[in-house]
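Trainee: below is the structure, and that's it, no one-letter string:
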C-alpha cells in the first residue's frame, strides 16, 4: 500500500515563528485537508512527522499538543480522510536526540509502526531538515513552497532529486497522477 510522510507546520497548517500553541492557532492551509482526504480515498496511508520543540521550551504541554492533533485528525476525518500515524519530537534543538529532524528517527518510527519500508516514500516538507531526513533513509524528498518552503528553495543544497510543488494540494495531485500512469 502506498504511503506518504507529511511535515505538519508549513505543509498542512500555517506556520508561526512564535509556534502553534493552541488548537485555536492551528489553521489549515487552503487545500491541504482535502489533499489528505484525496490520498486516503486513493488508498494511500498518511503519516505525519513533526518537530515540536515548543514542548521542551515550555510554550505548551503534552495535553495541548494532543488537543491540536485531535483537531487536525477530526478536520481530516470530516473531509473523508484519515491519518494513519503521527509521530512528534518533543525535544529542543540542542538536546541531541535521534528523532528531531534532520535526524531520521521520526521517519523510522513511522515506518516501524506502519510496517512499511522507507525506500522511495514521498516525504513532503517545507524545510531543509525535512528533506535531509528523507534523503538519509532513502525516501523521496518533496518540497512545498508554503511555510518556510520559499526560503528553503532560495538556499542552495537541497538533496538531489528534490521535487518542488506550490503546496500540499499540488504535491498530492502530482503523486496521484503519477500513480495513475503506473
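Mentor: Perfect, I can see it now. Predicted, not measured: the structure shown is a model, and the values here were computed from it.

Trainee: excluding its own residues, what touches the longest helix anywhere in the chain? List them.
Mentor: When the chain is scanned for its longest helix (criterion: DSSP state H), the result is helix 62-78. Identification of contacts with helix 62-78 by Cβ atoms under 8 Å, 6 or more residues apart in numbering yields 8, 12-13, 20-23, 26, 28, 33, 36-37, 40, 46, 48, 52, 54-55, 82-83, 86, 88, 90. In this view, the C-beta of every residue, glycine as well, is placed from N, C-alpha and C.

Trainee: show me where this structure has its helices.
Mentor: With helices called from DSSP H, the chain shows them at 32-41, 62-78, 105-114, 128-136, 149-154, 168-181.

Trainee: which of these sits most buried?
Mentor: Most buried of those, by mean neighbour count (mean count of other Cβ atoms under 10 Å): helix 128-136, with a mean of 23.

Trainee: which residues are in contact with it?
Mentor: By Cβ under 8 Å, 6+ apart, the residues outside helix 128-136 that reach it are 5, 7, 49, 51, 101-104, 106-107, 121, 123-125, 139-143, 152, 155, 157-160, 162.

Trainee: of the residues you listed, which belong to strands?
Mentor: Within the contacts of helix 128-136, residues falling in strands by DSSP state E are 5, 49, 51, 123, 124, 125, 140, 141, 142, 143.

Trainee: any chance of those in a markdown table, plus distance to residue 132?
Mentor: Shown next, in a markdown table, are the ones in strands among the contacts of helix 128-136 (distance: Cβ to Cβ, whole Å):
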| residue | distance to residue 132 |
| --- | --- |
| 5 | 13 |
| 49 | 13 |
| 51 | 12 |
| 123 | 10 |
| 124 | 14 |
| 125 | 9 |
| 140 | 13 |
| 141 | 8 |
| 142 | 13 |
| 143 | 11 |
